[in-house]
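S.K.: just to be clear, the model below is a prediction. Sequence and coordinates:
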Amino acid sequence: MRIYHLGDEGPGVADIQERLVGLDLTIDPDELGGRFGPSTEGAVREFQARRSLRVDGLVGPDTWGQLVEAGYRLGDRTLYLHAPFFRGDDVRELQRKLNALGFDAGREDGMFGSNTETAMREFQRNVGEEPDGIVGLHAIATLQRMRPLESGPGRALVREAEELRTTRASIEGQVLAIDPGDPGERGSGCTYSIAETLHDELAAMGAKPTLLRARDEPLGPTERAREANAIGASMTVSIELATGPPSASGPTVSYFGSDRTHSPAGMLLAELILEEVEAALGTRGRLLALSITMLRETRMPAVQVEPAFLSNDREAASIDDPMFADKVGRAVAVGIRRFFAD
């Protein structure tokens, strides 16, 4: 899709503004109707911060998708298992209620997948109703009557944290998905070289790494996430290069997280990889909890590694050095090895 930014005009901008205002975000009246001015950019940034997205003021696929999802409330539509999945805040609310009642709907990611359907069927069986997995007004009313306590951590989060504590396995034989990032983006040659080094290092450790796309294969993030799920990977590591203000520097490692939940395994993996990349590059970095596509749509612990900022002239120059990709790839591999029990 087109990426909207400061200075754009037209009906697409007006649609974005209408959705932002509907979420109680403020836009100056003289911008409403289709002018992407400073207050529209500010509203986009505030929305992105609320939704654990990259706060850049740009409306690209992730931000637009979550703007659409934020408009749904439980009861606005009938939900059921469908391809592609229903997505939205109504699904998040359903998952939160089911998890609070002890029916494992999986990660509260706003996508109506098989875990959510199974939890809904189990709930319906327990209340003596037809277990068809369909969430209509009657099923929602029944859920509401149960008064689920939604303030605590979701069942999926608790389960993942316990599994992380008790069942981590050896790296040998593990199917590991390596995402070389978006093809065609500036620096994509560097990210692919990092991914290749990482692949070779992990294979030498006894793992079974798989690259999610060929060097020039035009696969978007949803397709790459789908491939990681299809191969049954136990982990996904995505490689990108960051953008930001010219002063931004240092590596960034992100894991799935939102204002209500996160992936404990993803967070630990991100911490370990960040430690190794910081040591290899001799600079401090940061951890981020994000709900971007590659972290949200994968069904296993996933992280995104951004070792340098393209917007920083010094760091942008460093990616042309072939040793940079080797250094980062080896560091990421060591972090992954530390994640698995030896």
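M.R.: Cool, the structure landed.
S.K.: show me the strands in this structure, by range?
M.R.: 175-179, 208-211, 235-239, 252-256, 286-290, 302-306 (DSSP state E).
S.K.: list the neighbouring strands of the fifth one plus their orientation.
M.R.: Which is strand 286-290. Strand pairing for strand 286-290, using DSSP bridges, gives strand 252-256 (parallel).
S.K.: how far away is the residue nearest the centre of the chain from Glu227?
M.R.: Centroid-nearest residue in the chain: Leu295, 2.8 Å away (criterion: C-alpha atoms, centre = their mean). Leu295 sits 15 Å away from Glu227, going by C-beta to C-beta, to the nearest Å. Placement of C-beta: from N, CA and C, glycine included.
S.K.: just to revisit the earlier point, tell me the contacts of the residue nearest to the centre of the chain?
M.R.: Contacts here follow C-beta atoms under 8 Å, 6 or more residues apart in numbering; on that basis Leu295 touches 238, 254-256, 263, 266, 302-304.
S.K.: so which of those residues comes closest to Val277?
M.R.: Nearest to Val277 among these is Val303, at 11.0 Å by C-beta to C-beta.
S.K.: which residue sits closest to the closest one, ignoring its sequence neighbours?
M.R.: Distances taken as C-beta to C-beta, 6 or more residues apart in numbering place Ala270 nearest to Val303, at 4.6 Å, with adjacent residues excluded.
S.K.: so what's the one you found up against?
M.R.: 253-255, 287, 303.
S.K.: repeat for His5
M.R.: Applying C-beta under 8 Å, 6+ apart, the residues contacting His5 are 36, 41, 57-59.
S.K.: can you list the residues you listed in a markdown table and add distance to Leu164?
M.R.: Output for these, formatted as a markdown table (distance: C-beta to C-beta, whole Å):
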| residue | distance to Leu164 |
| --- | --- |
| Phe36 | 43 |
| Glu41 | 39 |
| Gly57 | 35 |
| Leu58 | 34 |
| Val59 | 35 |
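S.K.: any idea which of these has the most stuff around it?
M.R.: Among the contacts of His5, Val59 has the most neighbours (other C-beta atoms under 10 Å), with 27 neighbours.
S.K.: before we move on, back to that, any chance of the contacts of Leu295 in a markdown table, with neighbour count too?
M.R.: Shown next, in a markdown table, are the contacts of Leu295 (neighbours: other C-beta atoms under 10 Å):
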| residue | neighbour count |
| --- | --- |
| Ser238 | 28 |
| Ser254 | 28 |
| Tyr255 | 24 |
| Phe256 | 27 |
| Ser263 | 27 |
| Gly266 | 26 |
| Ala302 | 28 |
| Val303 | 35 |
| Gln304 | 25 |
